[in-house]
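K.L.:
Model the structure of this input:
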Amino acid sequence: MPGSGPRVDVGCPWTGERRLSFNSAGRREVEAAVEAARRAALPWAGRPLDERIQILERYAEAVRAEFGALAGLISEDTGKPLWESRQEAEAIAGKVALAVEGHRLRCAEREASGVRTTFRPHGVLAVMGPFNFPGHLPNGQIVPALLAGNTVVFKPSELAPRTGRRLVELLEAAGLPPGAINGVQGSAETGRLLAEDEGIDGLFFTGSARTGEALQRLFAERPGKILALEMGGNNPLVVHDPADPAAAVHLATVSAFLSAGQRCTCARRLILVDGPMAGPVLEGLVERAGRLRVGPPDEQPEPFMGPVINARSAERLLRVQEDLRAGGGVVLRALRHLKPGTGLLSPGIVDVTGVSPVPDEEHFGPLLQVVRVATFEDALAEANRTRFGLAAGYIGQSETAWRRFQAVVKAGVLSWNRPLTGASGAAPFGGVGRSGNFRPGGLYMADACVIPTASQASPTATVPETPPPGWD
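P.N.:
Numbers count the residues shown, from 1 in each chain. You can find the predicted model right below:
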């Protein structure tokens, strides 16, 4: 059905040329998608769990069968190097088994003290996907939702729409009944129409804190509808007397610049505790960042990172760097536009020690801020100086310091001598504050997909032998 909403032009991240143009889904198309999901909801929920699992396993097989083509599509949408898009395609296929494990772990029927706990689906769930992982992240919400017996209306990011469209096609081809999965493509207006539609029973969103907070306000007056938010972070990485400065440089580089800094778990703030290793780590990081290969997805030899999603994002990051410089920050490695009119940027590092105030914002790209502090306790305080709380990391050799870090730092995903970007789908994933609303994804996405129900049941009604006091 042709869209009745605003026109959307999609550009190539590394050339800036227009690749795709389409009309957004308007009110008519959104309402039709929700109504189709509504009609399919009860029949789909009524199918046995094993049957739903079989359909989703066929979907996983279909993803594996066109692994290379799907990875190529992800790279075309996002500009990611092909090696990284292959990892995303693998994660899409692997999610089905993890979702089944999560559902059986979190939604197993049980009985205690004569009360039986069962789980039922919400009904119709809307899923709004991001551009940075256009397949893996929405897939991680769609699959558990369908597994639990919900039907889904999925809006991919308008910046990376083709991967999402292909996921819908593969799900339909795997045997989902008509209306169980419905795709709507379009701009932010399409998302607003979907979020406001009274026919949905909940919404799962991955994206910016600004949009997530707007959705929170919208749903504040709709307590009967579930809202699960994953909104990124201003993530700290503390380096405190590491045993191996070269390893610390490697971890910091990957944490800050993997996916061109466009992972919600990427390190945004490197907090260096003064000590004999602080200087070598910082010098090594600046040198290493300057040697990272940046280029198009299919370039040979393969680049470490591709472009940010478009030229507008690149220009925004360059303005942030200039603002930090104007506020007293020292540019240690300049973020540079490698090809104006595109998203191709070199990694940037700015020392903001002593700069006040530094805006507490998530700058979604390869721009790392460095803060030098005197003590480990100062580092903990600096790490918590944020309204976000998604990911945080500690690089150092002290297990005592790590335990203290675990206890004090407010974040949902914590790492010790590991990259911040290495979140596992076999564990809960989510944050606090401006990073989320206490509905973690990953293995625990199952919790958001169901309504627990406590049932006290007896085949016959009886009069108790001992009536309550006052019973004449």
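K.L.:
Tell me the first helix or strand C-terminal of the helix or strand that contains residue 89.
P.N.:
Using DSSP states H and E, residue 89 falls within helix 82-106. Scanning forward in sequence from helix 82-106, with DSSP H and E defining helices and strands, the next element found is strand 110-112.
K.L.:
What helices and strands are in contact with that next one?
P.N.:
Taking 3 or more C-beta pairs under 8 Å, 6 or more residues apart in numbering; DSSP states H and E as contact, the helices and strands that strand 110-112 lies on are strand 115-121. C-beta coordinates here come from the backbone N, C-alpha and C atoms, glycine included.
K.L.:
and the chain, what are its domains?
P.N.:
In terms of domains, the chain is parsed into 7-231+436-456, 235-416 (source: automatic domain parsing).
K.L.:
how about the strands of the stretch 301-450 of the chain, start to end?
P.N.:
All strands of the stretch 301-450 of the chain, identified by DSSP state E, counting those that start in this stretch, fall at 330-333, 348-351, 367-373, 391-396, 413-416, 428-429, 441-442, 450-456.
K.L.:
winner for burial among these?
P.N.:
The densest packing among these, expressed as mean neighbour count by mean count of other C-beta atoms under 10 Å, is seen in strand 391-396 with a mean of 29.
K.L.:
Can you give me the separation between the closest residue in space to residue 107 that isn't next to it in sequence and residue 454?
P.N.:
Counting by C-beta to C-beta, 6 or more residues apart in numbering, residue 119 is the residue found nearest to residue 107 once chain neighbours are left out, at 4.3 Å. Distance check for residue 119 against residue 454: by C-beta to C-beta, to the nearest Å, it reads 11 Å.
K.L.:
for this structure, which spans come out with low pLDDT?
P.N.:
When the per-residue scores of the chain are filtered using pLDDT under 70, the ranges that remain are 1-2.
K.L.:
switch to 80 and redo it
P.N.:
Counting by pLDDT under 80, the chain contains low-confidence ranges at 1-2, 472.
K.L.:
Quick check: most distant residue from the centroid of it.
P.N.:
residue 472 (61.6 Å; C-alpha atoms, centre = their mean).
K.L.:
Report the inter-axis angle for the strand or helix carrying residue 283 versus strand 391-396.
P.N.:
Take DSSP H and E as the rule and residue 283 turns out to sit in helix 278-290. Between the axes of helix 278-290 and strand 391-396, defined by axes from the mean of the first three to the mean of the last three C-alpha atoms, to 10 degrees, the angle is 130 degrees.
K.L.:
what's the offset of helix 278-290 from the middle of its chain?
P.N.:
A distance of 29 Å separates the C-alpha centroid of helix 278-290 from that of its chain, computed with C-alpha atoms, centre = their mean, to the nearest Å.
K.L.:
Identify the residues contacting it?
P.N.:
Outside of helix 278-290, the residues that reach it under the criterion C-beta atoms under 8 Å, 6 or more residues apart in numbering are 239, 242, 245-246, 248-250, 252-253, 256-257, 270, 272, 332-333, 346-349, 368, 370, 372.
K.L.:
give me that answer again for 6 Å
P.N.:
Contact with helix 278-290 is made by 239, 245, 248-249, 252-253, 272, 332-333, 347, 349, as judged by C-beta atoms under 6 Å, 6 or more residues apart in numbering.
K.L.:
what angle sits between it and strand 367-373?
P.N.:
What separates the directions of helix 278-290 and strand 367-373 is an angle of 180 degrees, with the same axes, to 10 degrees.
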